[in-house]
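> sequence first, then the predicted structure, then my questions.
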Amino acid sequence: MNIHTVTSQVGSNPITIETGKLAKLADGAVVVTCGETVVIVTAVSQTKVRAGQTWFPLSVEYKEKASAAGQFPGGYFKREGRPTEKEILTCRMTDRPLRPLFPKGYLYETQIVALLLSADQINDSDILAMNGASAALAISDIPFAGPIGAVRVGRVDGEFVINPTFDEREESDLDLIYVGNKTDVIMIEGAADQLPEEEFIKALHFAQAAVQKLVEAQEELVRLAGKPKRDYTVTVAKDELLEVGYAVAGDRIEDAIYAPSKVERGKKVGALRDEVEAAIMEKYPETTEFEIEQVFEYIQKKAFRLSIMEKGVRADGRQVGELRPLFSEANSLPRVHGSAIFARGETQALGICTLAPADEKQFFDNYAGGEDSKRFILHYNFPPFSVGECGRMGGINRREIGHGALAERSIAPVIPDVEDFPYAMRVSSEVMESNGSTSMATVCAGTMSLLCAGVPLKAPVAGISVGLVTDWNEDGTLKEHKALLDIIGSEDFYGDMDFKLCGTEAGVTGYQLDLKLPGLPLSILEEAIRMAKDARGTIIAKMDEAVHGPQDLSPHAPRIVSVKIPADRIGELIGPGGKNIKGIQAESGAELNIEDDGTVHIYASKQEGLERAKALIDRMFQEIEVGKVYTGKVVSITNFGAFMEVLPGKDGLIHVSELAEGRTEKVEDVVKKGEMITAKCLGVDEKGRVKMSRRAVLREEKAKAAEEEGVEA
C-alpha cells in the first residue's frame, strides 16, 4: 500500500490526514485523526451526467457509528437508524462551503461520505469530517477549487482556543465553526454568549490563521498523493440563446423585477419568461426547457446585479441599508402558554411557546461525545402555503432542521438557568409567509413567545440577514461590492451571500454564513457585522413595543416550584414503599420529582395544588419548636397519656396530666385514637422526645375568652 500522511498542529491536539490505506476504489479517500477520534471521508463523482439533469446533485452523508464509542445501538434491531440532528447538521456544515468550489455548470452526481470510526469522547468529529471532505476532493481527480480548512474556535476565560475539547466547550462563551481558504472566509456557523461584535471579529481573524495551517497540510498531501484532474463538460447558457433572450426581455426585465410585491413580481417575470421561451423555440425548436431556464435566469441575475451596483436600488425599491416594514404582536393565540407574530415585509413567523416540567427535556444519542440532552427546543416548520405553492406535507427536511437549529442556538444563550426557571421550553415556529430570512423572523417571534409565556430571558434576541453583490476584475480580484440589509428571496437567489447574525443589544448569540463565492475577504464580513448590529437595535425596539419583558405565567401553563430538603432525608419524603410521596401527590394533585442533592421539583396544573404540596413537604421537614401550638391526629393511647402526630413522622406525648384541667382518670374519657387535637409543645429532651400539653392550649383559650368578655363588658 502506498500510504501518505500529513499532520497539522492546530489546537492542543494535532490533526493527522492519511490516504492510501482504506477505501482505495473511491475517487478520493482520507482518514482524519485527532486524539483517538477517527473519521474516514470519501469522495466519488460520476463520469457521466444523468439524462435530464438540471442541477448539481451534490450529497453529503455523515454517520456516527455506535461501535466508535464502544456501545450497542438502541432499539429493537440494534442497528443505527435514521440520521440524528447532529449528523444532519454536520452534513449541512460540510456541504455549504464545498458547493461553491465546484465549476459552474458541473452537473455530475457527486457524493461525500464520512463515517465516525472511533470516538474518544474528548475531540469532536465534525471538524474532522469537514477537513476530510476537502482533503478527499483535493487528492481526487474531481474538479474542485480547494483545498479549504475548518476549525472550531472557543473562548475560555477570555482566551481564544482552537478546536476546544468537549470539557473546554462547556466553559466557553463562544462556539465558532470557521471554514476558509488561505486568505478568505467561506462559511461560518455557531453561537456565542452575547459576545461583543469586536471580540467576534477578533475570533474570525484568529480562526483564519489556524485555517491556513490546515490548507497547507492538505496541499502537501496533494503533492504526495494527488491525482490529475479529469476532463469534464459544463452546462451553461448558450450564447445564441442569450441573444434571443436579451432581444425579447433585455429592456423590460427591470420593470418586471421591480414590481412592489412578491406576487406581482412573480406574475410579471413569469409572463416575460413565456415570451422568451416562445421566441427561442421559434428560432431554435430543439432547445430544452432547462436551456431556456438557464437563459432567463442569467438575464434576471444580470439585471438584478446591475441595478444594485449602478443605481443602488433593489428589487422591492429599498436602498441597500434599508429594513423592510416591521410588525410585532404579542399573545396572538388563546390557550397556548405563549405566542407572538413577527414580520419583516412579506416574511412572517408565528412563534408558539409551550412550557413543561424540566424532566421533559429532550434526550438523544451522541456517540461522538458532548451534551446528550437539552431543555430548550426550537422547531421550525415551513409549510408550502408560505410561498404561495402546493407541496408535500409531513416529514421534516434538512433545511427545516438547519433553520430550527440556527434559531435555537441563537436564543439558547439567554435562556434562564434551571435553578431560576425549572421548566423545559419548546418553541414551535410556524412560517406564515416567506420572502427571505424566515429563520431570522423565527428568532424574533420565538423570543417574543417565550416572553409572553413568562420565561425570564436574560435579554431579548433579534436576528437579521445581510446579503452581498460583487463585481470582479478579470484577474479575479474584487472590483466593487455592496452589502444588502434584510435580503428578500430573489436577493438570496441572485446575490453572493446570505449572512445571518443574531444577538442582543449586548452582543452576538448566533450566526450562519452561506456564500456562492469561493471566498470572501474578512473586511467585507466585518462590514456586514456592523450593519447587522445597527439594524438589530431597531428590531429589538419593535419587539419591545409588543412585549416588554417577561409577562405573568399563563394560567394554562403548569405550575412549578422547587424546595430543598436534606439529601440524607430523601428517604423520609419517599416513605416505606413510597407511602409518603404518594400521599402528598394524592392529596395535592401535584407531581414530585426528587434530585439526588435533595432538590424537590413540584409540578401542578393549578396553583392551589402546588401550594398544598409545598405546605405538606415543609411541614414534614420543619423542626418542632418549643412553645408552638400544633394540630395533629392521635396516633396511639396508653395508660399514661396519648401520642399525637405533631409533624409528619414526628410524634409527641401528651401526659395524662396535660390532657385537661383537673384530674383525668382515663385517657379515653378525653381523647380517642384518630381524633384531631391541638396541643402546645412544652419541650424536647436530649433524646428527641417531645412533650406536648393540651391543657396549656385550653388555658390560653379560656384566658383569651375571658379577656374578650371583659372588653365587651
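Ah, there it is. Numbers count the residues shown, from 1 in each chain.

> list the contacts of A256.
Each residue near A256 by Cβ atoms under 8 Å, 6 or more residues apart in numbering is listed here: A249, R265, K268, V269, A271, L272. C-beta: built from backbone N, CA, C; applies to glycine.

> and with 10 Å instead?
249, 264-273, 300, 303, 315 (Cβ atoms under 10 Å, 6 or more residues apart in numbering).

> for ChimeraX, write the select line for the buried members of the residues you listed.
The buried residues among the contacts of A256 can be selected in ChimeraX (16 or more other Cβ atoms under 10 Å) with this line:
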select :249,265,268,269,272,273,300,303,315
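
> please identify which of the contacts of A256 is nearest to R399.
R399 has its nearest neighbour among those in G266, at 20.9 Å by Cβ to Cβ.

> what are the buried residues along stretch 107-122?
For stretch 107-122, the neighbour count (16+ other Cβ under 10 Å) marks 107-121 as buried.

> what is the end-to-end distance of it?
Distance across stretch 107-122, first residue to last, is 39 Å (Cα to Cα, to the nearest Å).

> distance from that stretch to the middle of the chain?
Distance of stretch 107-122 from its chain centroid, counting by Cα atoms, centre = their mean, to the nearest Å, is 23 Å.

> check stretch 394-406 too.
On Cα atoms, centre = their mean, the centre of stretch 394-406 falls 11 Å from that of its chain.

> outside of that stretch, which residues touch it?
Identification of contacts with stretch 394-406 by Cβ under 10 Å, 6+ apart yields 60, 83, 85-86, 88-89, 91-93, 95-96, 189-191, 377-382, 427-429, 431, 437-440, 442-443, 446, 463, 500, 502, 510-512.

> apply 6 Å and report the result again.
The set of residues external to stretch 394-406 that reach it, using Cβ atoms under 6 Å, 6 or more residues apart in numbering, is I88, L89, R92, L378, H379, Y380, F382, S439, Q512.

> give me the element S410 is part of.
In the assignment (DSSP states H and E), S410 maps to helix 398-411.

> pull out the buried positions in stretch 140-155.
Across stretch 140-155, burial judged by 16+ other Cβ under 10 Å covers 140-144, 146-155.

> quick one: H601 from G575, how far?
According to Cβ to Cβ, to the nearest Å, H601 and G575 sit 18 Å apart.

> so which of those two has more stuff around it?
More crowded of H601 and G575, by other Cβ atoms under 10 Å: H601, with 20 against 16.

> three-state assignment of that one?
Of the three states, H601 takes strand under DSSP: H, G, I helix; E, B strand; the rest coil.

> state the pLDDT value of it.
On the pLDDT scale, H601 is placed at 87.

> wait, it sits on N593?
Yes. Using Cβ atoms under 6 Å, H601 is in contact with N593, at 4.4 Å.

> how about exporting the strand or helix carrying I280 as CSV, limited to the C-alpha atoms?
In this structure, I280 sits in helix 262-283 according to DSSP H and E. Extracted in CSV, the C-alpha atoms of helix 262-283 (Å, rounded to 0.1, in the frame of the first residue of the first chain):
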residue,chain,number,x,y,z
LYS,A,262,-43.6,39.2,-4.5
VAL,A,263,-46.8,38.0,-6.1
GLU,A,264,-46.8,40.9,-8.7
ARG,A,265,-43.1,40.3,-9.4
GLY,A,266,-43.8,36.6,-10.0
LYS,A,267,-46.6,37.3,-12.4
LYS,A,268,-44.7,39.9,-14.5
VAL,A,269,-41.5,37.8,-14.5
GLY,A,270,-43.5,34.7,-15.5
ALA,A,271,-45.2,36.4,-18.4
LEU,A,272,-41.9,37.7,-19.7
ARG,A,273,-40.3,34.3,-19.4
ASP,A,274,-43.2,32.8,-21.5
GLU,A,275,-42.3,35.4,-24.2
VAL,A,276,-38.6,34.5,-24.1
GLU,A,277,-39.5,30.8,-24.4
ALA,A,278,-41.7,31.4,-27.4
ALA,A,279,-39.1,33.4,-29.2
ILE,A,280,-36.3,30.8,-28.6
MET,A,281,-38.5,27.9,-29.6
GLU,A,282,-39.5,29.6,-32.8
LYS,A,283,-35.8,30.1,-33.8
